[in-house]
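Undergrad: coordinates for the following, if possible.
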Amino acid sequence: MEQTYSIIGMTCEGCAASISNKLSKTKGVKGVKVSLEDAKARILSRHHLSTTALQAALGGKYVIEEEHSVMPVDAVEEKSKWAQLKPLFLIFAYLFGASVLMHFKSWDTGEAMLDFMGLFYIVFSFFKFLDLKGFPESFAMYDPLAKLIPAYGWLYPFIELGLGLLFLMRLKITFALIVTVVILGITTIGVTKTLLDKKSIRCACLGTALKLPMTEATFIENAIMLVMAFWMLLETGLV
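TA: I've put the predicted structure just below:
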């Protein structure tokens, strides 16, 4: 029987070859054809293969999802995408709510923004630290600087943690804002290129513990932080 699967994480022909090789060694697989263009793997097998077994063969770098014929592929992918992004939306809601609650008695937009940015960095760095070894490789798939300088990917969670502490402790705010504009500006360039190229890769914004797809939500997430940073710099007269 033949089964078709969507593959998230492929960026080149080398990835496709690696996936094909790993899947071919899975018990019950008779043949594998991997397409980088449409991010799919067609597997010929003796019996139905579970995605759990195939995912175990691929490891954590790639995500494999079985396609079903009971509904259009687009509907399946859309449902899967929103289901996977649920943790990201929940985290943003909690961060926004916490920032508002901390200042609702004596409202100060600037202070609320600083707390939001600080909490954002602390929480997002936490998820990256859950898999500090796997994060740099996933991050380098779309961040230009991490791709050019691998050590930057290893340092990035620590940079986020440091920026979070600076914002929450109200230390070196101008420096933290400038660094935010630089690092998120670079990442946003990579995210934008990935979205325009319509590549199916995993977003490393919450590390590799949560398998989030790269979508417009990632761009919006970075854009919100960049707008806040620019707004604060305008308030200080530096921009």
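
Undergrad: name the SS class of Tyr5, please.
TA: strand (DSSP: H, G, I helix; E, B strand; the rest coil).

Undergrad: check contacts around it.
TA: Applying CB atoms under 8 Å, 6 or more residues apart in numbering to Tyr5 gives the contacts Lys40, Ala41, Arg42, Ile43, Thr51, Leu54, Ile64, Glu65, Glu66, Glu67. Yep, even glycine has a C-beta here, placed from its N, CA and C like the rest.

Undergrad: is the second one in a bridge, and if so with what?
TA: Read it as Ala41. In this entry, Ala41 is beta-bridged to Tyr5, Val34, by DSSP bridges.

Undergrad: out of the contacts of Tyr5, which are buried?
TA: Buried by 16 or more other CB atoms under 10 Å: Lys40, Ala41, Ile43, Leu54, Ile64, Glu65, out of these.

Undergrad: touching, the fourth one and Lys25? I think so.
TA: In this case it means Leu54. No. In this structure, Leu54 is not within contact of Lys25 by CB atoms under 8 Å, at 10.9 Å.

Undergrad: and the gap between the nearest residue to Ile186 once chain neighbours are set aside and Met113?
TA: Excluding the flanking residues, the one nearest Ile186 by CB to CB, 6 or more residues apart in numbering is Leu145, at 5.1 Å. The gap separating Leu145 from Met113 is 25 Å, by CB to CB, to the nearest Å.

Undergrad: neighbour-wise, which of the two wins?
TA: Met113 (20 against 17; other CB atoms under 10 Å).

Undergrad: how about the strands in the protein?
TA: With DSSP state E as the criterion, the chain has strands at 2-8, 29-35, 40-45, 63-66, 202-203, 212-213.

Undergrad: helices and strands around the fourth one, which ones?
TA: The helices and strands touching strand 63-66, judged by 3 or more CB pairs under 8 Å, 6 or more residues apart in numbering; DSSP states H and E, are strand 2-8, helix 51-58.

Undergrad: which one of those lies nearest to Thr194?
TA: strand 2-8 (12.0 Å; CB to CB).

Undergrad: in that closest one, which residues are buried?
TA: In strand 2-8, counting by 16+ other CB under 10 Å, buried: Gln3, Thr4, Tyr5, Ser6, Ile7, Ile8.

Undergrad: would CSV of these with pLDDT and distance to Ala17 be doable?
TA: As requested, the buried residues of strand 2-8 are exported to CSV (pLDDT from 0 to 100; distance: CB to CB, whole Å):
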residue, pLDDT, distance to Ala17
Gln3, 82, 20
Thr4, 86, 19
Tyr5, 87, 16
Ser6, 88, 18
Ile7, 89, 12
Ile8, 87, 17
